[in-house]
Each structure stands twice: as C-alpha cells, then as structure tokens.
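Q: Return atomic coordinates for the entry below.
(one chain, ligands or ions: 1)
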Amino acid sequence: MTDINRQFRLKRRPSGRITAEDFDFVEAPVPSPGPGEVLVRTLYISMEPIYRLWLTDSDHDLPPVQLGEVVRGVGLGRVVASNADAWKPGDLASGMFGWQDYAVVPSPGVARMARIPADPPVALTTMLGACGSTGFCAYFGLIDIGEPKAGETVVVSAAAGAVGSVAGQIAKIKGCRAVGIAGGPEKCRILTEQLGFDAAVDYKRGDWREALAAATPDGIDINYENVGGAIMDAVIDRMNRGGRVVVCGLITDYNDGERRDGHLQARGNFIPIFTHRLRVQGFVFTDYAPRFPEAVRQLGAWIKAGRIKPIETVVEGLERTPEALNRLFDGGNVGKLLVKVAEP
Ligand SMILES: NC(=O)c1ccc[n+]([C@@H]2O[C@H](COP(=O)([O-])OP(=O)(O)OC[C@H]3O[C@@H](n4cnc5c(N)ncnc54)[C@H](OP(=O)(O)O)[C@@H]3O)[C@@H](O)[C@H]2O)c1
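A: Take a look at the predicted model:
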C-alpha cells in the first residue's frame with residue numbers, strides 16, 4: 001500500500017463538456033479510518049452519466065458536489081483497514097468511494113456498502129455492470145415499470161451502452177421484439193449479431209426515422225429511454241395505445257441542456273402521451289434497493305446461462321477519469337464503461 005492518495009477535487013463548475021481544468025488532481029496522504037469507519041482501496045470506478053449532473057449546482061437525486069470536494073463516484077474496492085464490525089481487511093465492496101485511490105467511508109456510508117463475494121458469480125467488473133447497478137436499472141426499469149409481454153415491441157435508446165445493452169437482452173428473454181437505437185454501424189452490428197436484438201437503428205444516419213419505422217412495423221409498446229430529445233420524440237410518435245415509457249435517463253441534455261431557474265429543462269413530445277394513453281414513469285435504481293439480492297440472483301443466472309452477454313469498456317488509470325466521463329457523451333464506449341484504478 002502506498003501512502004499517497006490521488007484525488008480529483010472539483011475546482012469549478014463545468015460549462016458544457018467537462019475539461020481537465022474543472023478539477024484539481026491532488027496527492028493527499030492516505031487517511032486512517034475513525035471509529036465505525038473503513039478504509040477502502042479503489043479498484044474500479046463505474047462511469048455514469050449522472051456524474052455530470054452532480055457537478056452542477058442543483059440537486060439531481062443527490063446534492064451537488066461542492067467546490068473543493070472529492071468528486072463523487074461509485075466504485076468497487078477492497079477494504080484495507082476496518083473499524084466496523086461487519087467489514088474486515090480483504091473484503092470486496094461497492095459503494096460511493098469517489099474519484100480517488102483510497103476512501104475513508106464514514107459509518108452511514110459503511111451501512112450502504114454492498115458486499116461483493118470473494119468468488120463473485122460473474123467477472124469482478126461485471127459486478128459493477130450487468131450484475132450491478134447497470135443491470136439493476138435495466139431489470140427493474142424494464143420488468144417492473146415496462147411490464148413487457150411476449151410479442152410486444154420494445155425500443156431501447158443508447159442500446160449499445162451499459163444499461164441499454166442489458167435492457168434489450170432482458171426484452172428478448174421476455175419474448176419481446178427488441179429494437180436498439182445506437183450511434184454508428186459497428187454498435188448496430190454488435191446489437192444484432194452479438195446481443196440478439198431483432199433490429200438496430202443507427203441514429204447518426206440521415207434516414208434514421210425511416211429506419212425506426214421499418215424496424216417497428218407493429219408500432220412500439222415500450223420505450224426504454226436513456227437519451228431523450230429528438231430520439232425520444234420519434235419513438236413516442238410511434239407508440240401504441242397503452243404503451244409504457246420507462247424514463248431511465250436523458251443524457252442528451254446533461255452537458256448543455258436548457259435551464260430555467262437553475263433547473264435542467266428537458267422538453268418532451270406530450271401530445272401522444274394523452275392521445276395514446278401512454279404511461280410515462282421515471283425511476284432511480286436505488287428505489288429498488290431492498291430487491292437488489294433478487295436482481296443479482298436473476299441477472300447472475302442469465303449471465304451464466306449466456307442469455308445476457310455483458311459488454312464492457314475499461315479505461316486504465318485514475319488520471320484518465322475525466323476523459324472517461326466525456327466518452328459517455330461522445331459514444332466512446334460499448335457496454336459498461338469503467339476506470340481501472342488498481343489491480344484487483
Ligand atoms: N435511473 C437510474 O437509476 C439510472 C442509473 C444509471 C444510468 N441511468 C441513465 O441511463 C442512461 C444510460 O447510462 P449508461 O451508464 O448506461 O451509459 P451508456 O449508455 O453506457 O453511455 C452513454 C451512451 O449514450 C449515448 N449518447 C450520449 N449522448 C447522446 C446523444 N446526445 N444522443 C444519443 N445518444 C447519446 C452514447 O452512445 P451512442 O454511441 O449510441 O451515441 C453513449 O455511449 C443515461 O441516461 C443515464 O443517466 C439511469
């Protein structure tokens with residue numbers, strides 16, 4: 001164990017895309033855990049679009065990261081010292097460890113740390129991806145909110161990304177027609193040839209609306225929405241009466257969306273919502289925390305049976321974390337994007 005803790009601290013609130021100048025990358029001493037606390041070595045940081053919203057000055061599920069604070073982030077780490085009864089050195093856990101090498105987790109945070117078994121049912125990285133929070137979003141969002149029925153058409157946006165790739169594969173398991181929307185021919189090829197989607201629409205092509213219509217000849221019953229904007233509007237235009245819109249995220253607006261009174265404004269295609277009796281529901285995966293064990297069991301079983309294929313992109317090195325976050329907005333990832341901070 002080194003005695004240096006590299007950390008990204010927020011220097012100023014970003015405008016548009018984040019830049020290296022928005023952060024101080026500092027070296028601090030590795031802290032010692034106090035009573036009831038644990039010290040965790042970060043191994044991987046899960047890259048999530050919502051981090052961009054946490055850098056603004058308004059609440060987005062959690063309060064904003066304050067100037068000078070270590071940037072908040074979900075990670076997978078190994079306990080290196082513990083003053084908490086439930087944890088001992090060597091244990092693996094996921095939790096809010098931040099963009100840093102080492103985190104002292106205070107006792108309320110310790111209570112929220114999730115234990116990762118020493119011999120996880122799937123690859124360690126997948127415990128942050130398809131069998132972790134990403135998979136939980138897809139699982140609860142599609143099944144509980146989308147209520148898919150065999151034969152229905154499910155359209156997933158950002159379908160080659162972390163959440164979308166799992167949501168589409170669950171749609172197939174449930175007997176639905178799965179149509180993914182993604183940027184570029186290579187991502188579309190992955191969806192249909194590797195992940196079993198029935199069709200993929202490349203939204204970077206000029207004729208993507210026609211392609212969406214061709215891919216959804218019976219209309220759309222469920223929209224699993226990760227993107228928002230023009231893509232969501234076009235999907236809603238094709239929804240069948242009684243359809244469900246699962247609002248998982250609206251990444252198109254996170255960097256530079258319009259604001260009113262400091263709050264991000266995302267506009268939507270509301271007319272078909274009432275004329276077609278659509279149900280629109282947003283959620284945050286932590287709403288389902290009491291059911292995480294169920295999701296781990298089911299997702300783990302589907303992954304082991306080859307019915308869900310996890311795909312992941314790993315960026316090496318804590319120092320590249322800001323660059324990695326931008327990749328989510330540039331489409332520079334397939335599947336779950338992780339930063340590897342240290343060897344497990
Ligand atoms: N509700 C929750 O609890 C929860 C939890 C986690 C994530 N989410 C949300 O789920 C969504 C996906 O998150 P993720 O972690 O799985 O990320 P991801 O899909 O792995 O990465 C983001 C993808 O979004 C696409 N994208 C980015 N900007 C776009 C734009 N302007 N138009 C169209 N596509 C764009 C890019 O793919 P292309 O190459 O295809 O453009 C990119 O790869 C996000 O909206 C996120 O906020 C919600």
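
Q: Check the burial of the residue of the stretch 1-150 of the chain found nearest the ligand by counting its neighbours.
A: The stretch 1-150 of the chain approaches the ligand most closely through Pro49 (3.9 Å), counting by Cβ to the nearest ligand atom. In this view, the C-beta of every residue, glycine as well, is placed from N, C-alpha and C. Pro49 has 20 neighbouring residues, counting by other Cβ atoms under 10 Å.

Q: And Thr275, by the same measure?
A: 9.

Q: Also the one 3 residues further on?
A: By the measure other Cβ under 10 Å, the count of residues near Leu278 is 19.

Q: Pro272 is in contact with that one, correct?
A: Yes. Here Leu278 reaches Pro272: they are 6.4 Å apart, a contact under Cβ atoms under 8 Å.

Q: overlap in contacts of these two?
A: Taking Cβ atoms under 8 Å, 6 or more residues apart in numbering as the contact rule, the neighbours common to Leu278 and Pro272 are 236, 239.

Q: Spell out which residues of this structure are next to the ligand.
A: By the rule Cβ under 6 Å from any ligand atom, the part of the chain lying against the ligand is 48-50, 134, 137, 158, 160-164, 182-183, 187, 226-227, 231, 248-252, 283-285, 328-329, 331, 333, 337.

Q: Can you name the residues that contact whatever residue of the stretch 51-200 of the chain ends up closest to the ligand?
A: The stretch 51-200 of the chain approaches the ligand most closely through Gly161 (1.8 Å), counting by Cβ to the nearest ligand atom. Going by Cβ under 8 Å, 6+ apart, Gly161 touches 182, 226, 328, 333-335.

Q: Serialize the residues you listed to JSON lines and add fields for neighbour count.
A: Output for these, formatted as JSON lines (neighbours: other Cβ atoms under 10 Å):
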{"residue": "Ala182", "neighbour count": "29"}
{"residue": "Asn226", "neighbour count": "27"}
{"residue": "Leu328", "neighbour count": "22"}
{"residue": "Asn333", "neighbour count": "21"}
{"residue": "Val334", "neighbour count": "19"}
{"residue": "Gly335", "neighbour count": "24"}
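
Q: Pick the one among those residues closest to Met96.
A: Distance to Met96, by Cβ to Cβ, is smallest for Leu328 among the contacts of Gly161, at 18.4 Å.

Q: what's the nearest residue to that closest one if we skip its chain neighbours?
A: Pro49 (5.1 Å; Cβ to Cβ, 6 or more residues apart in numbering).

Q: Quick check: that neighbour touching Arg327?
A: No. Because the distance of 10.6 Å does not satisfy Cβ under 8 Å, Pro49 is recorded as not touching Arg327.

Q: Glu186 belongs to a helix?
A: Yes. Glu186 forms part of a helix when assessed by DSSP: H, G, I helix; E, B strand; the rest coil.

Q: roughly how far apart are it and Leu337?
A: Using Cβ to Cβ, to the nearest Å, Glu186 is found at 16 Å from Leu337.

Q: what do you get for Phe274?
A: Phe274 sits 37 Å away from Leu337, going by Cβ to Cβ.

Q: These two: who's more crowded?
A: Leu337 (24 against 8).

Q: Just say helix, strand or coil for Ala111.
A: Three-state call for Ala111 (three-state DSSP): helix.

Q: Contact partners for it?
A: Under the criterion of Cβ under 8 Å, 6+ apart, Ala111 has no neighbours.

Q: Now do it against Leu191, distance only.
A: 39 Å.

Q: How about Ile231?
A: The value you get for Ile231 to Leu191, if Cβ to Cβ is used, is 15 Å.

Q: Neighbour count for these two, which is higher?
A: For Ile231 versus Leu191, neighbours defined as other Cβ under 10 Å are more numerous around Leu191 (28 against 22).
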